[in-house]
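> Next come a sequence and a model predicted from it.
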Amino acid sequence: MINVALFGNPNVGKTTVFNLLTGSNQYVGNWPGVTIEKKEGYLSNNIKIVDLPGIYAMDTFSNEEKVSKNYLENEDVDVIVNVVDASNLVRNLYLTTQLMKYNKPIIVLANMVDLADSKGIKTNYEKLSKELNITIIPVIAKKKVGLGDISSIIEKSSKDMVRYSIDFGNETETYEKLESIISNCSEAPLENRKSISDYIDDIALNPILAYPLFIGILLLLFKFTFDWVGGPLQEEFGKLIENYIMVPVDDMLSSSSPWFKSLIVDGVLGGIAGTLPFFPLIFTLFFGISLFEDSGYMSRAAFLMDKIMYKVGLSGKAFIPMVMGLGCSSPAIMATRTLESEKDRRITALIAPLMTCGAKLPIYALFVKVFFPKNEALITTSLYLLGIVVAILVALVLNKTVYKTEAEPFVLELPQYKIPALSSLLKNTWNKSKGFLIRVVTVMFAMSVVIWFLSSFNFNGFTEDMNNSFLSILGKLLAPIFAPIGFTDWRVSVSLLTGLGAKEIVINTMAVLFGDLHQALPTVFTGVTAYAFLIFSALYTPCIAALATMRKEYGNKMMMISLSYQFILAWVTAFLFSTIANLIIGSGASIEYLIGGSIILAAALILFNKLKNKSSGCSSCSSCSSCPSHNTCGHESENTKNATNQ
């Protein structure tokens, strides 16, 4: 077996190369001792490829670098395949020079040569290969160009005994030598032409336009999810389940005993059929998020948030686990290991679950469809923004009280914008959304049966009156806690309690307890209490899996803090909204106007702040060192100065 180690800087197309070489024949796990993703795959029966984390150097400052160095030193590596950006060879080949010290056969894949061509960069790869004494292959991975002979090249290279003799010296000397070598092997335009990415960033990173544009893109994402694609698919999927599963099974069991029919129709099918139709929504949402990630916009979002994160005492890198929290809180908490500061790790772990994870989407989808059908995207956007804003405020409070240290510097590469390959988008979307289907047929199935049993039996046996069931006893004990917010029905309290198992189970439980939710919910909630319920669902205690991860990473104390503070925070926020909204709506305003006005006000405040900073001499731009007021404005932006647009 030939063992191939796949190396490369971030954003050079390494994952695309890996997927192209291995197809579906790959395994995803974690490296021992860390939460960094480990991918292994097979190019053929005798060629195994291990995808190492994206790194810039082998300096062992980060966990990614430690994993890569340990793998080269301790594992049997036959060939190194190093993916580099053909339009930025000097920076990318610095890692190559460090890999050469291990005296393993190296194959360099100069990816994105089409991008280099568009910038006017012409490289003689044969000459460069001779200069460095390594194999270099120009490729365009997303178009599947240049990799046809890679299998035979790897087999041939694995038989070579190499000992690289070039001494590149220290870091400065290495870059100087690389610049000299590459200048002799390539032609570049005398003037740096602005790329399409630069023109887009003039708008996307504009100090005034960037944040309203970010909010607008979120609105567009939820329009795509609810109105244009996901919503219509959800409706059709729900009709198929109702017409071809629920109704036939109900007719088939018409002569069965009441408890057995109730078990199958209300317990098993009712719970699963109440949540399964939300899969198209979740798949569509993750498709949109994957599109933002692969196109390069998500890095810009992190860059924008860096300025805000720094003001609350966190490194901009802390926003990366928060973005991961849009998928699931558990990996987001584990991803805090990558942060260098202990303070950043703990604060980020506490605020990451405040982000809206995919499991909360079914709750949002149901309530906005029932109570706010004309403003589904607006309401959902407000909930996502709520999570971000509350997380930032909590971080500010923690930084001013419990943790009082300076933020760590933040270095971020802004990759070129690109059109993602559809196959890669679909694969990433499936990997993110398939967990929902798994939970439907496992956790949610089990919880549906348990909830059905507790709501259908009491000490006298089976009962069709759930108000006399075991579950009603528990629900009535919890109801006084939620009554001040407006949740007076004990079934709502029970639904929130079961959501600690997994947030999707909230809807699962409601489907079992209420039956037809579209008809039942308007009898239980008003517009105000419905949005208060959404606020509470967005912010309250994370699921058991996230709490278990918190305990594993940071101990029992942090787990209990997370469990309790988020419940209190959610209760207080929902209570304040409910109280204020009832006062305002009592004067004639509607809930849509209230929420829409809040978003417009937030955008206006951001613009006012930007204009105020600009008029006072600080543009709050991406490079304070070039600002004429740099020495006098007092604007602290160490993080921003370290952010690089390459």
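Here it is on my side, so go on.
> Using neighbour counts, pick out the buried residues of stretch 438-457.
By 16 or more other C-beta atoms under 10 Å, the buried positions in stretch 438-457 come out as 439-440, 443-445, 447-448, 450-457. From N, CA and C alone the C-beta is placed, and that goes for glycine too.
> Touching it from outside, list them.
259, 262-263, 266-268, 270-272, 275-276, 279, 462-464, 466, 469-472, 474, 494, 498, 501-502, 504-505, 508-509, 512-513 (C-beta atoms under 8 Å, 6 or more residues apart in numbering).
> buried subset of those?
The neighbour-count test (16+ other C-beta under 10 Å) applied to those identifies 259, 262-263, 266-268, 270-272, 275-276, 279, 463, 466, 469-472, 494, 498, 501-502, 504-505, 508-509, 512-513 as buried.
> Backbone dihedrals for Val145, please?
Dihedral pair for Val145: phi -110, psi 130, per degrees, to the nearest 10.
> same check, this time on Ile47
Ile47 adopts backbone torsions of phi -130, psi 110, taken as degrees, to the nearest 10.
> Check what pLDDT it gets.
Reading off the confidence values, Ile47 has pLDDT 95.
> for Glu176, same thing?
93.
> Tyr540 and Ile363, how far apart?
Applying C-beta to C-beta, to the nearest Å, the value for Tyr540 to Ile363 is 11 Å.
> Compare those two (neighbour count), which wins?
Taking neighbours as other C-beta atoms under 10 Å, Tyr540 and Ile363 compare with Ile363 leading, 25 against 22.
> Return the residue spatially closest to that one, with its sequence-adjacent residues excluded.
Leaving aside its chain neighbours, Ile363 sits nearest to Ser537 (4.9 Å; criterion: C-beta to C-beta, 6 or more residues apart in numbering).
> State the pLDDT value of that neighbour.
In this prediction Ser537 is given a pLDDT of 96.
> I'd like the next helix or strand past the helix or strand in which it is found.
Using DSSP states H and E, Ser537 sits within helix 527-539. Per DSSP H and E, helix 527-539 leads on to helix 544-554 as the next helix or strand towards the C-terminus.
> by contact count, what packs against that next one?
For helix 544-554, the helices and strands in contact under the criterion 3 or more C-beta pairs under 8 Å, 6 or more residues apart in numbering; DSSP states H and E are helix 329-335, helix 342-351, helix 556-585.
> now, of those helices, which is deepest in the fold?
Comparing the helices and strands packed on helix 544-554 by mean neighbour count (mean count of other C-beta atoms under 10 Å), helix 329-335 comes out on top with a mean of 25.
> who does that helix touch, helix- and strand-wise?
For helix 329-335, the packing partners by 3+ C-beta pairs under 8 Å, 6+ apart come out as helix 319-324, helix 544-554.
> possible to save those helices as TSV with mean neighbour count, distance to Gly313 and mean pLDDT?
Listed next are these as TSV, based on neighbours: other C-beta atoms under 10 Å; distance: least, C-beta to C-beta, whole Å; pLDDT from 0 to 100:
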stretch	mean neighbour count	distance to Gly313	mean pLDDT
helix 319-324	23	13	81
helix 544-554	19	19	88
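> Let me know which of these is the nearest to Cys357.
helix 544-554 (8.5 Å; C-beta to C-beta).
> just for this structure, where's the confidence low?
24-37, 60-62, 190-193, 338, 340, 404-412, 586-594, 596-597, 601, 603-646 (pLDDT under 70).
> which residue ranges form the strands in it?
With DSSP state E, the ranges of strands along the chain come out as 2-8, 26-30, 37-44, 47-51, 79-85, 106-111, 122-123, 135-138, 186-187, 457-458, 461-462.
> Nearest to Leu314, out of those strands?
Taking the strands of the chain one by one with C-beta to C-beta, strand 37-44 is closest: 23.3 Å.
> Dump the helices and strands packed on helix 329-335 into CSV; add distance to Tyr531 as well.
As requested, those are exported to CSV (distance: least, C-beta to C-beta, whole Å):
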stretch, distance to Tyr531
helix 319-324, 23
helix 544-554, 24
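> Point out the one among the ones you listed that comes closest to Asn431.
For the helices and strands packed on helix 329-335, proximity to Asn431 was assessed by C-beta to C-beta; helix 319-324 is nearest, at 13.3 Å.
> Show me what that closest one is packed up against.
Using 3+ C-beta pairs under 8 Å, 6+ apart as the contact definition, the elements that helix 319-324 packs against are helix 297-311, helix 329-335, helix 342-351.
> Please compute how far that helix lies from its chain's middle.
Distance, stretch centre to chain centre, for helix 319-324: 6 Å (C-alpha atoms, centre = their mean, to the nearest Å).
> From the chain's centroid, how far away is stretch 300-312?
Averaging C-alpha coordinates over stretch 300-312 and over its chain gives two centres that are 16 Å apart (C-alpha atoms, centre = their mean).
> Just the ones of the contacts of stretch 438-457 in helices?
The helices, defined by DSSP state H, take in 259, 270-272, 275, 279, 470-472, 474, 494, 498, 505, 508-509, 512-513 from these.
> residues in contact with the residue positioned nearest the centre of the chain?
Central residue of the chain (C-alpha atoms, centre = their mean): Met324, 3.0 Å from the mean position. Met324 makes contact with 331-332, 335, 352 under the criterion C-beta under 8 Å, 6+ apart.
> end-to-end on stretch 112-124?
15 Å (C-alpha to C-alpha, to the nearest Å).
> ok, and what's touching that stretch?
12-13, 85-87, 89, 110, 138-141, 143, 146, 182, 185-189, 193, 195, 416, 418.
> just the buried members of the residues you listed?
Using 16+ other C-beta under 10 Å as the threshold, 12-13, 85-87, 89, 110, 138-141, 146, 182, 185-186, 416, 418 are the buried ones among the contacts of stretch 112-124.
> returning to that earlier point: give me the subset of the contacts of stretch 112-124 that lies in helices.
Short answer: the contacts of stretch 112-124 in helices (DSSP H) are 89, 182, 185.
> before we move on, the earlier item: OK, contacts around the spatially closest residue to the residue nearest to the centre of the chain that is not a sequence neighbour?
Of all residues not flanking Met324 in the chain, Ala332 sits nearest, at 4.2 Å (C-beta to C-beta, 6+ apart). If a contact means C-beta under 8 Å, 6+ apart, then Ala332 has 321-322, 324-325, 352-353, 355 as its contacts.
> that older thread, biggest separation within the contacts of Met324, which pair?
Every pair of the contacts of Met324 checked by C-beta to C-beta; the farthest is Pro331 and Ala352, at 9.5 Å.
> now the contacts of Met324 in CSV, with distance to Thr573?
Shown next, in CSV, are the contacts of Met324 (distance: C-beta to C-beta, whole Å):
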residue, distance to Thr573
Pro331, 25
Ala332, 21
Ala335, 26
Ala352, 18
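> right, and out of those, which lies closest to Gln566?
Using C-beta to C-beta, Ala352 is the member of the contacts of Met324 that lies nearest Gln566, at 11.1 Å.
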